[in-house]
Structure formats: C-alpha cells, structure tokens
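Undergrad: Provided below are the primary sequence and the corresponding predicted coordinates.
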Amino acid sequence: MAKANGTVEGGDSDDTFRRATEAVKRRAGDALRIVFRYEPDSVDVRYVDDCRLDEDLLPRLQRLQERALELGDATASTEIDAHGEVETVLAVHEDAVVLYLLVAPDEGLVAVHGRTGEPLGGDLL
C-alpha cells in the first residue's frame with residue numbers, strides 16, 4: 001500500500017494516478033468505459049468513453065467508489081508486504097470488468113471495461 005502521506009515510491013500521488021490511467025488506457029483499447037480516481041469525498045473522472053456521456057453516471061460512480069472504499073478497508077487489514085505498493089482487485093461481472101487499484105485504504109483508481117474475451121489485453125498492470 002501507499003505510504004501514509006498518500007504517495008508511492010518514485011513520484012507524487014497525482015503522478016502515480018496519471019501513469020496508472022495512461023497504462024489502463026493503453027491496455028484496455030475499445031473496451032474501456034470509464035476511469036476515475038476516488039477519495040472518500042470526491043471522484044475525479046480521468047476518462048469517459050464517448051458513448052457513455054449521455055448516461056447518468058453519477059449513481060454508478062458512487063456505487064463503485066463505495067465498493068472501492070470497502071475493498072480498501074478490507075485489504076488494509078490483511079495487507080501482505082510481498083504484494084507491493086498497490087493492491088489490485090479485478091471484479092468480473094456479467095457485462096463488465098472492474099479494475100480497482102487501491103493505492104491507500106481511502107484512495108485509488110477504478111477502471112470499468114466492457115466485458116470482452118480478454119479484458120486489459122489479457123494481462124494486468
């Protein structure tokens with residue numbers, strides 16, 4: 001997990017999220033629907049697929065943010081140092097694949113992909 005100040009080795013927190021967003025966008029291709037950074041009281045949308053712009057995304061973003069915060073709490077209490085700085089959770093649903101990058105218990109990045117044969121090009125970050 002991240003250090004207490006919210007940064008990860010090798011850069012500041014915003015740089016970490018920028019690099020993670022770019023990596024997700026490169027690997028996801030046309031399946032990528034949305035990418036957002038979250039904290040307990042805010043959501044910063046980093047990418048939205050054009051076909052999603054006419055939808056009411058706020059309720060979905062709030063549900064995903066709440067789930068990410070729950071996952072962050074769960075992983076914080078079971079963290080194993082061998083897993084590295086960022087916990088990654090991949091949730092596969094009937095119509096979507098959700099990638100949670102948990103940088104800290106209360107901060108991370110969420111990427112939603114349409115369900116394809118090989119989400120993220122067949123590999124993770």
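TA: On my side now, so go ahead. All values derive from a computational prediction rather than experimental measurement. Residues are numbered from 1 along each chain as shown.

Undergrad: what helix or strand is the residue positioned nearest the centre of the chain on?
TA: Geometric centre of the chain, nearest residue: Val110, 2.2 Å, by CA atoms, centre = their mean. In this assignment (DSSP states H and E), Val110 forms part of strand 107-114.

Undergrad: Then Leu71?
TA: Secondary structure (DSSP H and E) places Leu71 in helix 58-77.

Undergrad: Which elements pack onto that helix?
TA: With contacts defined as 3 or more CB pairs under 8 Å, 6 or more residues apart in numbering; DSSP states H and E, helix 58-77 has these neighbours: strand 32-39, strand 42-48, strand 87-92, strand 96-104, strand 107-114. Every C-beta, even on glycine, is put in place using the N, C-alpha and C of the backbone.

Undergrad: before we move on, back to that, the strand holding Val110 packs against which elements?
TA: Going by 3+ CB pairs under 8 Å, 6+ apart, strand 107-114 lies up against helix 13-28, strand 32-39, helix 58-77, strand 96-104.

Undergrad: Pull out the buried positions in stretch 100-115.
TA: For stretch 100-115, burial by neighbour count (16 or more other CB atoms under 10 Å) applies to 100-113.

Undergrad: my bad, should have said stretch 61-73
TA: For stretch 61-73, using 16+ other CB under 10 Å, the buried residues are Leu61, Leu64, Gln65, Ala68, Leu69, Leu71, Gly72.
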